[in-house]
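**Student:** Fold the stuff below for me.
(chains A and B)
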Amino acid sequence: MFLKFPLSYPLRFLSGLITSVLFHEQDWDTEEELNKVKDDGSMEKEIGELRRSRPKRPDGGDFTLSDVFYFSRKGLESIVEDEVTQRFSSEELVSWNLLTRTNNNFHYVSLRLTVLWGLGVVIRYCILAPLRITLAAIGISWLVIGTTVVGLLPSSRVKNWLSELVHLMCYRICARGLSATVHYHNKQNRPRKGGICVANHTSPIDVVILANDGCYAMVGQVHGGLMGVIQRSMVKSCPHIWFERSEMKDRHLVTQRLRDHVNDKTKLPILIFPEGTCINNTSVMMFKKGSFEIGGTIYPVAIKYDPQFGDAFWNSAKYNMVSYLLRMMTSWAIVCNVWYLPAMTQMEGEDAVQFANRVKSAIARQGGLVDLSWDGGLKRDKVKNTFKELEQKKYSSMVVGDDSSD
Amino acid sequence: MGSRGSTLSKIPNVDKLMQETGFSQAHIIRLHDRFRALDNDEKGYLCPQDFEAIKELAMNPIGDRIIGAFFAQGPQQETVDFNSFVKVLAHFRPTDKNRPKESTSPDPINSRTNKLKFAFQLYDQDKDGKISRDELLQVLRAMLEMQVTEEQLESITDRTIQESDTDRDNAISFEEFRKSLDKVNIEHKMSIRFLR
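**Tutor:** Numbering: from 1, shown residues only, chains lettered A, B, ... in the order given. Sure, this is the predicted structure:
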């Protein structure tokens, strides 16, 4: 409908310009100690080295006063930086992309840079944003009207075809409304009917990105307000799965409904985000096993946003939906890559958790993301004691050794 | 990103801090970013809950003691400001082998002795200058908890004290502590990397 606006090219030029302006203004610290001290050794290796100067005991177990060094060092390393907390805030950029929001320590550097930045603000807020908001409004209203109209038709192939057409058109308008440039890879692996599409989650926009290239049955909670209106009209033209809040608590009910949908091969593939929460697109966190217990073919999809043009991560603690969308519409653009991975099914002797981890690793590998076993729910919850007990157990085998009758 | 000036100006006494701790500007900025990231409610200081929210620290068997090391200034200390935060972390800065030895200036925070003192504090919770049998037992209990029996804990404690306690007072003083760790490469093992 609209010409594909090649936003990416002028923006890449701009980014190159910025890097060249800034590069001589940064002074990279070279820390020789970086090489000396980097030590990702295991507990056995580290404590073994600490004990090197002592004679080995016959039963292999020992306790020395220096053992505590290992734990205190690990503890302080995690205070300075840890794998998990950083995943719930926006990724730090190596070079600035002229958005104040990504430069926490905004400070006057040079006239040239400030002028560039000012120009950027004018373009983004006065030209791009109103255009985008208009487009988004058109997209959403057309979605509601279109799906309601299609819903009036009797069930038939024509209805399904029209429904897909309407959905695709509206999502494409919405994507233009965000200036999203998406590159889809391996389209031959695109999810098929009766399957489950699984992807890593960074923001609510993921849905728009994926739905631009195919039709999915959405899964989610029933909302009120504008979202509720959209949900109710969408479900008129083709089946989506919306749960009431009370139903979400009953896992069996949820699994059953999803299973019924998947078993009906005429229905569209379900779109699920097994992480359960938004992560900042540098890593993939634990996949909840619920989606992998339904049975059916899993179509993994990896989504990677290019942070240079705009930060797509939704930090729900900091921003609500509306301010998040406004931030999206005042970024340069949303540029991302979507990889469709080959379909996977549960193998013999593999339980749901192992299957989930296998899929997660495949997605992480393709998207260039860090594969973490930490639960995304840690954003809000505390760590379980079992982790601490595991560490204690590992250490105890070094202290008590093989002979437990000490 | 040329934005150093503004961050550094927000920190009080930053030059003095850099001198005392030996951290460079880049270090201070990085630590300040981390301080602000840990300070969820933007209070300007950290309290124990902010540390407890660090997942990897929560699973460390002596996590509580490490947190305690930040709040060790006074008996009911409940907050850590940025300067104290940096000073504690300075213990783990790698030692500068190239620094000229000045006999008149005080030991830098990351000297071998001060690193040892930091580790000693983790054991000596009542700060009487000695690790009593009881304190050692408590540390062992924290690190091993359910994995070993009480008898095993006691026998390990006794054995350790026997090995290090040269003046036979059934406690380990700082000197005995230092002597028994003479051969351990403290500079390496008690240092961490601060920049990415």
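**Student:** Without its sequence neighbours, what residue ends up closest to residue A:332?
**Tutor:** Nearest non-adjacent residue to residue A:332, counting by C-beta to C-beta, 6 or more residues apart in numbering or on different chains: residue A:309, 4.3 Å away. Quick note: C-beta positions are derived from backbone N, CA and C, even for glycine.
**Student:** isn't that neighbour right up against residue A:336?
**Tutor:** No. The pair residue A:309 and residue A:336 fails to qualify as a contact (C-beta atoms under 8 Å) at a distance of 9.3 Å.
**Student:** The lowest-mean-pLDDT helix or strand in chain B: what's the following helix or strand?
**Tutor:** Ranked by mean pLDDT, DSSP states H and E, the weakest helix or strand in chain B is helix B:4-10, scoring a mean of 62. For helix B:4-10, the following helix or strand on the C-terminal side (DSSP states H and E) is helix B:14-21.
**Student:** Any chance you could list what contacts the helix or strand containing residue B:65?
**Tutor:** Using DSSP H and E, residue B:65 sits in helix B:63-70. Here helix B:63-70 makes contact (C-beta atoms under 8 Å, 6 or more residues apart in numbering or on different chains) with A:71-72, A:75-76, A:79, A:388, B:46, B:48, B:51-52, B:57, B:60, B:80, B:84-85, B:88, B:118, B:121-122, B:125, B:139, B:142.
**Student:** just so I have it, where are all the helices in the chain?
**Tutor:** In the absence of a named chain, this looks at chain A. For chain A, applying DSSP state H gives helices covering A:8-23, A:32-37, A:43-50, A:67-80, A:111-122, A:129-151, A:157-177, A:205-211, A:225-237, A:245-248, A:251-263, A:321-329, A:352-367, A:385-400.
**Student:** my bad, the chain I had in mind was chain B
**Tutor:** Using DSSP H, helices in chain B cover B:4-10, B:14-21, B:25-38, B:48-52, B:55-58, B:63-70, B:82-90, B:112-123, B:133-144, B:150-164, B:174-180, B:186-189.
**Student:** Check those for me: which has the lowest mean pLDDT.
**Tutor:** In terms of average pLDDT, helix B:4-10 trails the rest of the helices of chain B, at a mean of 62.
**Student:** closest point of the stretch 201-350 of chain A to chain B, which residue?
**Tutor:** Nearest to chain B in the stretch 201-350 of chain A, going by C-beta to the nearest C-beta, is residue A:317, at a distance of 8.5 Å.
**Student:** Please tell me how far that residue sits from residue B:132.
**Tutor:** Distance of residue A:317 to residue B:132, given as C-beta to C-beta, to the nearest Å: 45 Å.
**Student:** what do you get for residue A:368?
**Tutor:** According to C-beta to C-beta, residue A:368 stands 53 Å off from residue B:132.
**Student:** With residue A:191 instead?
**Tutor:** When residue A:191 is compared with residue B:132 (using C-beta to C-beta), they lie 65 Å apart.
**Student:** Repeat that for residue B:168.
**Tutor:** Applying C-beta to C-beta to residue B:168 and residue B:132 gives a distance of 14 Å.
**Student:** Of these two, give the one with the bigger neighbour count.
**Tutor:** residue B:132 (18 against 8; other C-beta atoms under 10 Å in any protein chain shown).
**Student:** got the contact list for the more buried one?
**Tutor:** B:170, B:171.
**Student:** who are the neighbours in contact with the residue nearest the centre of chain B?
**Tutor:** Nearest to the mean C-alpha position of chain B, counting by C-alpha atoms, centre = their mean, stands residue B:118 at 4.8 Å. Shown in contact with residue B:118 (C-beta under 8 Å, 6+ apart): A:72, B:69, B:91, B:190.
**Student:** which of those residues sit farthest apart?
**Tutor:** Checked with C-beta to C-beta, the contacts of residue B:118 reach their widest spread between B:69 and B:190, with 12.6 Å between them.
**Student:** More neighbours: which of those two?
**Tutor:** residue B:190 (26 against 17).
**Student:** burial of the closest residue to that one other than its chain neighbours, as a residue count?
**Tutor:** Of all residues not flanking residue B:190 in the chain, residue B:115 sits nearest, at 4.4 Å (C-beta to C-beta, 6+ apart). Residue B:115 has 22 neighbouring residues, counting by other C-beta under 10 Å.
**Student:** swap in the one 4 residues further on?
**Tutor:** A count of nearby residues for residue B:119, using other C-beta under 10 Å, gives 23.
**Student:** I figured it was touching residue A:70, is that so?
**Tutor:** No. Using C-beta under 8 Å as the test, residue B:119 is too far from residue A:70 to be in contact (10.8 Å).
**Student:** need the residues of the stretch 251-400 of chain A near chain B, please.
**Tutor:** Within reach of chain B by C-beta under 8 Å from any C-beta of the partner chain, the stretch 251-400 of chain A has these residues: A:374, A:378, A:382-383, A:387-393, A:395-396, A:399-400.
**Student:** residues touching the residue nearest to residue A:133 when sequence neighbours are not counted, list them.
**Tutor:** Once flanking residues are discounted, residue A:133 sits nearest to residue A:329: 6.2 Å by C-beta to C-beta, 6+ apart. Contact analysis of residue A:329 by C-beta under 8 Å, 6+ apart lists A:128, A:129, A:132, A:133, A:136, A:177, A:178.
**Student:** Give me the neighbour count for the nearest residue to the fifth one once chain neighbours are set aside.
**Tutor:** Read it as residue A:136. Excluding its sequence neighbours, the residue lying closest to residue A:136 (C-beta to C-beta, 6+ apart) is residue A:177, at 3.5 Å. Applying other C-beta under 10 Å, we find 22 residues neighbouring residue A:177.
**Student:** so what's residue A:177 scoring on pLDDT?
**Tutor:** Looking at residue A:177, its pLDDT reads 84.
**Student:** Distance check, it against chain B.
**Tutor:** Distance, residue A:177 to chain B, using C-beta to the nearest C-beta, to the nearest Å: 31 Å.
**Student:** pretty sure that residue contacts residue A:139?
**Tutor:** Yes. Contact criterion C-beta under 8 Å: residue A:177 and residue A:139 qualify, at 5.6 Å.
**Student:** and the contacts of helix B:63-70, which are buried?
**Tutor:** With neighbours counted using 16 or more other C-beta atoms under 10 Å in any protein chain shown, the contacts of helix B:63-70 contain these buried positions: A:71-72, A:75-76, A:79, A:388, B:46, B:48, B:51, B:57, B:60, B:80, B:84-85, B:88, B:118, B:121-122, B:125, B:139, B:142.
**Student:** does residue A:198 really touch residue A:301, like I thought?
**Tutor:** Yes. Using C-beta under 8 Å, residue A:198 makes contact with residue A:301 at a distance of 6.9 Å.
**Student:** and for these two, which residues touch both?
**Tutor:** residue A:363.
**Student:** Look at residue B:78 and say how many residues are nearby.
**Tutor:** Residues contacting residue B:78 under the criterion other C-beta under 10 Å number 10.
**Student:** wait, it sits on residue B:45?
**Tutor:** No. Using C-beta under 8 Å as the test, residue B:78 is too far from residue B:45 to be in contact (9.1 Å).
**Student:** how many neighbours does the residue of the stretch 201-350 of chain A closest to chain B have?
**Tutor:** 10.
**Student:** Likewise for residue B:35?
**Tutor:** Around residue B:35 there are 20 other residues, counting by other C-beta under 10 Å.
**Student:** Check the spacing between it and residue B:41 real quick.
**Tutor:** Per C-beta to C-beta, residue B:35 is found 13 Å from residue B:41.
**Student:** can you check residue A:135 too?
**Tutor:** The value you get for residue A:135 to residue B:41, if C-beta to C-beta is used, is 38 Å.
**Student:** Looking at these two, which one has more neighbours?
**Tutor:** Neighbour count, other C-beta under 10 Å: between residue A:135 and residue B:41, residue A:135 has more, with 19 against 8.
**Student:** show me what contacts that one?
**Tutor:** A:173, A:174, A:176, A:177.
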